[in-house]
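J.: sequence isn't available, so here's the structure alone:
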């Protein structure tokens, strides 16, 4: 029986990315394995989740992604308030929030690991099922 989804973020500076997840996003975590360095291998509780399957191309033939591409996005109830709260803890964002059709979204910079989409959904959500 499946019990959860385990996602991975690959980073060029794992300690810095883990610090961001722990201190800025304030995700609770456990230490995996035995190590002299307590933050070497942290596993974070990410909260409720849902997963969608999207096409690789849009209706006009535009490429959205390639086969085998996967994306992690973070959902919130109030995007401006969440940006303010996370920004006060050191989060940085690319540009301003915009209407993405499925919700109001902004790109959040993840230290040493690229970006994550942070959005306030306007679609039905599955997290409460």
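T.: Nice, thanks for sending it over. What you see is a predicted model, and the numbers here were worked out from it, not measured in a lab. Numbers count the residues shown, from 1 in each chain.
J.: by mean pLDDT, which helix or strand of the chain comes out lowest?
T.: The weakest-scoring helix or strand in the chain, judged by mean pLDDT, DSSP states H and E, is strand 29-31 (a mean of 89).
J.: other SSEs contacting the helix or strand that comes right after it?
T.: Downstream of strand 29-31, the first helix or strand assigned by DSSP states H and E is strand 42-44. For strand 42-44, the contact count by 3 or more C-beta pairs under 8 Å, 6 or more residues apart in numbering; DSSP states H and E identifies strand 29-31 as packing neighbours. All C-beta spots, glycine's among them, are computed from the backbone N, C-alpha and C.
J.: which other residues reach the strand it packs on?
T.: When contacts are defined by C-beta atoms under 8 Å, 6 or more residues apart in numbering, strand 29-31 is touched by residues 18, 21, 22, 38, 39, 40, 41, 42, 43, 44, 45.
J.: the third one - how many residues pack around it?
T.: Here the number of neighbours of residue 22 (other C-beta atoms under 10 Å) works out to 15.
J.: pretty sure it sits against residue 43.
T.: No - with contacts counted by C-beta atoms under 8 Å, residue 22 stays clear of residue 43, the gap being 11.2 Å.
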